[in-house]
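S.K.: Sequence first, then the predicted structure, then my questions.
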Amino acid sequence: MFFHKDLTKEKWFSLDFFMQMANIGAEVGRAINWRKKDKSLSQSAIYRGLELLDLTIEDKKNKKKLKELCRLREIVSDYLCFDNIYKSTDTELNNYFILFGYASALKRYA
């Protein structure tokens, strides 16, 4: 781990899929929010989000979701780091991730 110095694979892998995705979404949201205000903070959030996404891809319990996770990594990277060839928007990415936050909260408080 490089950007989340206190996070271990074991700790990340112990989180359920919804919580993992909600945390990735928080970092992507930070990257989007800081993009026009502070490039450095935005870049740090991008790296943290991609690091968490890579760990989620590596997590064996997410094996059946591998295609979606890899495509998500491609879309997030394209949008935040490259030419946005998929024509993604802030709203689309935020809406995608917000659902995982809701699902995680429902599961936690059910």
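M.R.: Sure thing, it's come through. Numbering: from 1, shown residues only.
S.K.: contacting residues for the most centrally placed residue in the chain?
M.R.: In the chain, the centroid-proximal residue (Cα atoms, centre = their mean) is I24; its distance is 2.4 Å. Contact analysis of I24 by Cβ atoms under 8 Å, 6 or more residues apart in numbering lists G49, L52, L53, T56, F97. Any C-beta I mention is one placed from the backbone N, CA and C, and that applies to glycine too.
S.K.: how about 10 Å then?
M.R.: Residues near I24 by Cβ atoms under 10 Å, 6 or more residues apart in numbering: 48-56, 69, 72-73, 76, 97, 100.
S.K.: Show me those residues that map onto helices.
M.R.: Judged by DSSP state H, the contacts of I24 include 48-56, 69, 72-73, 76, 97, 100 as members of helices.
S.K.: in this structure, which spans are strands?
M.R.: Using DSSP state E, no strands are found in the chain.
S.K.: Where does the prediction get shaky in it?
M.R.: 1-3 (pLDDT under 70).
S.K.: Recalculate using a threshold of 50.
M.R.: Scanning the chain with the threshold set as pLDDT under 50 gives 1.
S.K.: for it, what spans make up the helices?
M.R.: Under DSSP H, the chain gives helices at 9-14, 17-34, 39-58, 66-81, 90-109.
S.K.: out of these, deepest packed?
M.R.: For the helices of the chain, the largest average neighbour count (mean count of other Cβ atoms under 10 Å) is found in helix 17-34, namely a mean of 20.
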